[in-house]
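Trainee: Sequence and predicted structure below; questions after.
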Amino acid sequence: MAKLPNPEELSKIDYAPPSKGWMDTPTEFKPGMFCHGSKPKSLETLEFPNPREWRPADVDWKLPENWKQILLEGIADRLKKYRSFRLFMDICVRCGACADKCHFFIGTGDPKNMPVLRAELIRSVYRKEFTIAGKIFGKMAGARELTVDVLKEWWYYFFQCTECRRCSVFCPYGIDQAEITIIGRELLNLLGLNIEWIAGPAANCYMKGNHLGLEPHTIVGNLEYILDDIETVTGKKIKPTFNRKGAEILFVTPSGDLFADPGTYTAMGYLMLFEELGLDYTWSTYASEGGNFGFFTTNELAKRLNSKIYAEAKRLGVKYIIGGECGHMWRVIHQYMDTWNGPADFLEVPKSPITGTVFENAKASKMIHIAEFTADLMKNGKLKLDPSRNDHLKVTWHDSCNTARGMGILEEPRYVLKNVVNHFHEMPEDTIREKTFCCGSGSGLNASEDMDLRMKGGFPRANAVKFVHDHYGVNMLANICAIDRASLPPLMDYWVPGVKVAGLHELVANALIMKGEKERTTDLRGEPLPGKEQKEESA
Amino acid sequence: MDLNALLKEKQPAIVEKWFETVLAAYPENTANIYRKSEAQFTNPLGYNARQGVEGLFDALLKGVMLEEASGFLDNIVRIRAIQEFPPSQALSFIYELKKIVRAEIGKAVAEQGLTEDLDSFLSTIDDLALFAFDLYMGCREKLFEIKVNEMKNSTFRLIQQANRVGGKQE
């Protein structure tokens, strides 16, 4: 008779994953970890290749027959075109400095989310096809064939990178993983392999000027709602202008600010500030999007979408552009716009009409960030502020990856914040400024179907917020990024309930004392101001 | 020596082994990174897991109410609940503690006739496991609630506007 195992033996289950090399570990598409595939309609609008119905979880991705040739030619083209890509394919020494710096690695524990390994996904194919050592020694030289499984692995992991560049801060060679992901996604787009959460908004933007596909009357209608809310809080009726030729300044902000809370409160902030200054500015219903989801598909599309901002500035004859609180919008403007669509020699170097400050830093792009503009106003004492109106808030600052690491806006928002709130607490040093942790939803990954991924990716950020929440009672997470304003509220809801999310200019407008305003009893959200609770109730 | 003294004597060894069972669910390279650093903010999973098992075992020793120790349990369960493990695997680390305790002090318990005390201690670990299932389900439900809320929020202004056009008051 066979020996029956005893209970102790039966309960010996080894949960440890098999320790195989990464090349031999197949990619498993897990629900909650990836987004829906791009729809044919979106790709057709963008004139992108291979539009068709497909689902990432399906075995057959309906690839063109010569898909491999397309990809290899795509890699060869980009190796010629981008010196950065060529360098990054060759220079990594696998020191491991980046390995534990990625928020997706920290949260998922998946080794293929180590930046070094994510880059190896593509480097291994580069070695096989473009280096002699790889051709001769194959796997021994870290090279492998490009197969459909490899392609799927690319798709899965290049859409598990938010292009936040935290790893590049720690890389001794300065390898920019975001650039590798950008090229990886470009290559995938050659085969029609995008996600709908990116392709849809990019197509909307291409046709209608903004990600949400808002048409001019809807933009005006939404802003009217916001203006009504301002009137309720301040008693002031504001009448902004749209598409006004001859205005001094064009204002461009992410369309999310016009449509979803808490972004709408930030939009109230812009409107109130500009009204108080009597700024000669206009909104555009055509260049109605600061963000650029094209940047998450191909450089070419990013350039096409970006060009509308300059084109509109030229059409309206403005002197320069002020941009609202957005993340990747600023990376595009700061690092790419001038070489893509510049020189904007028909515009002037931005000069604040209120303080006379000339923004030499924006000499090339002719576009300044509203945080710079407002910090300058405060530095010159041009605003009347009552920070006690924000006394019900204990605020911490989230440095958005693109504005902080991408272009160095570190001090201006802090300066503004300290002028408008009395309770400000920084998060721990390793999690802010250049070393800030991503929200986990950037670069077009803020869909609902990949919520598990977002919660994991945002875990290190939330962990630092939890610390200041537990120690200082922080209840407000401020930032200057529309994707943050959309994605941090659910992140807080899961990890640190009780912490809300606000744009910087919402807090500015709370504190801003406007000429002729009525006595305020609530903040912009309709919550009673400190000391006004009783009045509010009895009113 | 009573059971508590025995457990206290072996506490560092038990906690270390328990921490390892939490890490055992991850690939070797990952576990090495989670294990090596005690940095609270740059290695949050490793840090919270270590704090979690230390705090929980301490609470079990002191016999405090489970609700009071829930923070430590939450440290581990909240991340496990979104890491694609099946529930059985996400929470298996709690049952592993029973095996670890038996292996560490089983012999001494038998020699000193403390079997009943040990049984009673082990049954508090079962209680802990039941409590962990509540937390785990709470996390999963929260996740679904967040998804629904996000969808609602993204259409709120649209509905508000549609109601206004249609003459309805919100």
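Mentor: Yes, it's here. Numbering: from 1, shown residues only, chains lettered A, B, ... in the order given.
Trainee: okay, and for chain B, where does confidence drop off?
Mentor: Counting by pLDDT under 70, chain B has low-confidence residues at B:157-158, B:160-161, B:164-170.
Trainee: Identify each buried residue in stretch B:31-39, please.
Mentor: Buried residues in stretch B:31-39, counted by 16 or more other CB atoms under 10 Å in any protein chain shown: B:31, B:33-35. For the C-beta atoms, the positions are set from N, CA and C on the backbone; glycine is no exception.
Trainee: ditto for stretch A:148-155
Mentor: Buried, per 16+ other CB under 10 Å, within stretch A:148-155: A:150-155.
Trainee: so what's A:Phe296 closest to, chain neighbours aside?
Mentor: A:Gly444 (4.1 Å; CB to CB, 6 or more residues apart in numbering or on different chains).
Trainee: Then B:Thr30?
Mentor: A:Gly109 (4.4 Å).
Trainee: Quick one: residues contacting the one you found.
Mentor: The neighbours of A:Gly109, taking CB atoms under 8 Å, 6 or more residues apart in numbering or on different chains as the test, are B:26-27, B:30, B:34, B:45, B:83.
Trainee: Just the residues you listed: which are in helices?
Mentor: Members of these lying in helices (criterion: DSSP state H): B:30, B:34, B:45.
Trainee: Number of residues surrounding the first one?
Mentor: When neighbours are counted by other CB atoms under 10 Å in any protein chain shown, B:Thr30 registers 24.
Trainee: Double-check A:Thr396 against A:Val465; I have them as touching.
Mentor: Yes: with contact defined as CB atoms under 8 Å, A:Thr396 and A:Val465 form a contacting pair (6.6 Å).
Trainee: Next, give me the two most distant ones among the contacts of A:Gly109.
Mentor: B:Pro27 and B:Leu45 (13.1 Å; CB to CB).
Trainee: between those two, which one's more packed in?
Mentor: Shown here are B:Pro27 and B:Leu45; by other CB under 10 Å, B:Leu45 has more neighbours (27 against 18).
Trainee: The stretch 401-539 of chain A against chain B: which residues are in contact?
Mentor: A:428, A:430-431, A:448, A:451-452, A:455-456, A:459-460, A:463-464, A:467, A:489-490, A:493-495 (CB under 8 Å from any CB of the partner chain).
Trainee: Filter those residues down to the ones in helices?
Mentor: A:451-452, A:455-456, A:459-460, A:463-464, A:467, A:489-490, A:493-495.
Trainee: Run through the residues that contact A:Ser388.
Mentor: Contact analysis of A:Ser388 by CB under 8 Å, 6+ apart lists A:422, A:530.
Trainee: ditto for A:Ala371
Mentor: A:325, A:403, A:409, A:412-413, A:416, A:480, A:504.
Trainee: Narrow these to just the buried residues.
Mentor: Counted by 16+ other CB under 10 Å, these give A:325, A:403, A:409, A:412-413, A:416, A:480, A:504 as buried.
Trainee: Look up which helix or strand the residue most central in space within chain A falls in, please.
Mentor: Nearest to the geometric centre of chain A sits A:Gly442, at 4.0 Å (CA atoms, centre = their mean). If you go by DSSP states H and E, A:Gly442 is not part of any helix or strand.
Trainee: got the contact list for it?
Mentor: Applying CB under 8 Å, 6+ apart, the residues near A:Gly442 are A:162-164, A:327-328, A:401-402, A:483, A:487.
Trainee: for B:Phe72, same thing?
Mentor: B:51-56, B:59.
Trainee: same check, this time on A:Arg144
Mentor: Contacts of A:Arg144 by CB under 8 Å, 6+ apart are A:23, A:124-125, A:128, A:138, A:150.
Trainee: A:Lys366 too?
Mentor: A:313, A:320-321, A:344, A:347-350 are the contacts of A:Lys366 under CB under 8 Å, 6+ apart.
Trainee: For chain A, which residues score under the pLDDT cut-off?
Mentor: Applying pLDDT under 70 to chain A flags residues A:1-19, A:534-539.
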